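Participant: Okay, predicted coordinates and the sequence, questions at the end:
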Amino acid sequence: MIPDSGDGSSYGSVPERRKKKNKTGRNVLLIFGSLVVIAALVAGGFVFNLINSFDNKSGKIADAFPVESSRPTKSAAAEDAVNILLLGADSGGGSGETENLPNVPNAGRSDTMMLVHIPGDRKQVFVTSIMRDTWVDIPGYGTHKINAAFSYGGVPLAVQTIESLLGTRIDHVASVDLEGFKGLTDAVGGVDVNVPLTFTSSHASGYVFEKGVQHLDGEHALLFVRERYAFSDGDYQRVRNQQTYMKALIDKLLSRDVLSNPTAITNSVNELSPYIQRDDSLNAVALGQLGLSLAGLNKSDMHFFTLPTSGVGRSADGQSIVLPDEAAIADLGEALQQDTVGEFVEQRGL
């Protein structure tokens, strides 16, 4: 593999295929936020109706996990911790066929993987985003971009790939299609987002997002989090925009205006649930219990970081790839097994 400059510039350029109106994938924090939403709302009230709504409207991923003999076991130190693998998808105008991204079950094309780690003491939440072009070993198939695991073996192989990479066990897996956020944003009356810089959307004919606080409805919220081509650093600014949007959405969802409004709560769950696919055990009761156990958390207790990398480069066959920082990833895996991810994050200034 041939390293590039490492500044991410290769991800910000506009490829030739854009002339064919191809659109890119989105989503980093959004898939995590969707489960935060469901957990918080189910735990917040109207339990019976919300449980039925979520469990009936969300889909199940059949055979979500690899064979038991191939899986790592949890250490005693991490027995009470919870690890959730989240898969991002977009069926409504994100990734195009020319990007060759595999499909998430019953959703759109995959372009995001995230690992949510909830420590045993429930005092913090750690979300590790995994760039889709990270160059890793896929069990049984050699070295490839990490999201190729979906093409080769579906969700079970994606789980096995992450478990092998980090040496830690995944407890739950879910996929979320971002189209669900359009209805969710509208269900709460829109979201006030502090747009960091003025840009023109490449997904709509000339729509301009002005710098400063803007009230976004569902349609424009999706445009905001999908945009990549308008920025010199491409995916990197897109991720920052997604973070900005998700924090604003969580603020709105947990506001008194929403939590004291039975209609808004019910509509929020109803709008998002059909866009979620999950393993059998990740039902509304499990999410509600998880939400209650995290009831004392503030936004400052949620930590988001990217799986450590060593920059960007090219594979032997010319693919643009993200190079993993193998030593740092090994340290993260050990922290997951010892339930000391907080120390890992603090030591590395993440």
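Facilitator: Received it, and whenever you're ready, just let me know what you need. Numbering: from 1, shown residues only.
Participant: need the helices for the stretch 101-250 of the chain, in chain order.
Facilitator: Secondary structure of the stretch 101-250 of the chain by DSSP state H, counting those that start in this stretch: the helices cover 148-166, 179-187, 218-226, 235-253.
Participant: Same list (the ones you listed) but as JSON lines, adding distance to residue 270.
Facilitator: Bear in mind the C-beta positions are built from the backbone N, C-alpha and C, glycine included. Shown next, in JSON lines, are the helices of the stretch 101-250 of the chain (distance: least, C-beta to C-beta, whole Å):
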{"stretch": "helix 148-166", "distance to residue 270": "25"}
{"stretch": "helix 179-187", "distance to residue 270": "8"}
{"stretch": "helix 218-226", "distance to residue 270": "14"}
{"stretch": "helix 235-253", "distance to residue 270": "14"}
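Participant: Compare those helices and report which one is nearest to residue 201.
Facilitator: Comparing those by their distance to residue 201 (C-beta to C-beta), the top pick is helix 218-226, with 4.9 Å.
Participant: Pull that closest one out as CSV, backbone CA atoms only.
Facilitator: Extracted in CSV, the C-alpha atoms of helix 218-226 (Å, rounded to 0.1, in the frame of the first residue of the first chain):
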residue,chain,number,x,y,z
GLY,A,218,-36.7,17.1,7.9
GLU,A,219,-35.9,17.6,4.2
HIS,A,220,-33.2,20.2,4.8
ALA,A,221,-31.7,18.4,7.8
LEU,A,222,-31.0,15.4,5.5
LEU,A,223,-29.4,17.7,2.9
PHE,A,224,-27.3,19.2,5.7
VAL,A,225,-25.9,15.9,6.9
ARG,A,226,-25.5,14.4,3.4
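Participant: if we can go back for a sec, make a markdown table out of the helices of the stretch 101-250 of the chain and add mean neighbour count and distance to residue 299.
Facilitator: Listed next are those as a markdown table, based on neighbours: other C-beta atoms under 10 Å; distance: least, C-beta to C-beta, whole Å:
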| stretch | mean neighbour count | distance to residue 299 |
| --- | --- | --- |
| helix 148-166 | 22 | 26 |
| helix 179-187 | 22 | 18 |
| helix 218-226 | 22 | 18 |
| helix 235-253 | 21 | 6 |
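Participant: Quick one: closest of these to residue 194.
Facilitator: Taking these one by one with C-beta to C-beta, helix 235-253 is closest: 6.3 Å.
Participant: Determine the set of other helices and strands touching the closest one.
Facilitator: Secondary-structure packing of helix 235-253 (3 or more C-beta pairs under 8 Å, 6 or more residues apart in numbering; DSSP states H and E): helix 29-44, helix 179-187, strand 191-195, helix 218-226.
Participant: tell me the angle of that helix relative to helix 218-226?
Facilitator: Helix 235-253 runs at 140 degrees relative to helix 218-226, counting by axes from the mean of the first three to the mean of the last three C-alpha atoms, to 10 degrees.
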